[in-house]
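1. Predicted model and sequence below, questions to follow.
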Amino acid sequence: MQLFSDVNGALYQRLNGYKPFLYNITVDACKFFKNQKSNPIAGFFYDSFKEFSNLNHSCPYSHDLVLEKLTASSVNHRVTNILPFPEGEYMVHLNWIAYGSTRAVFKIYFALT
């Protein structure tokens, strides 16, 4: 059984409330995991946490998805050295969609100083 098919990810920056910043994409996750070079934007964000996750194979996923021991220095390196972001407060908003309905929503908040 497939747990999800699409993931919509958006990046927001806090400027008098959270405002869209750079990206808002929807990716067919199963297709992406078969060919991770198919979407460079999704690849950039996935590369940020893939070594800390069991989200490392193509569909189907029929087990818990785990993200653990993601270090601040790892994320900091990606958003300062690889693709420099301006200082500020950010939110990553992820909608995990299966069978046409949103099944999970993740909001990840961080500050870049």
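-> Right, received. Where do you want to start? In this text the structure is predicted, and so the values were computed from the model without any measurement.

2. Which residue is the nearest non-sequential neighbour of residue 53?
-> residue 67 (4.7 Å; Cβ to Cβ, 6 or more residues apart in numbering). In this view, the C-beta of every residue, glycine as well, is placed from N, C-alpha and C.

3. contacting residues around the lowest-mean-pLDDT helix or strand in the chain?
-> For the chain, using mean pLDDT, DSSP states H and E, the weakest element among its helices and strands is helix 72-77, scoring a mean of 81. By Cβ atoms under 8 Å, 6 or more residues apart in numbering, the residues outside helix 72-77 that reach it are 48, 52, 110, 112.

4. now, among those, which is nearest to residue 94?
-> residue 48 (12.5 Å; Cβ to Cβ).

5. Chain neighbours aside, what residue packs nearest to the closest one?
-> The shortest distance from residue 48 to any non-neighbouring residue, by Cβ to Cβ, 6+ apart, is to residue 78 (4.9 Å).

6. which element is residue 10 on?
-> Using DSSP states H and E, the element containing residue 10 is strand 6-14.
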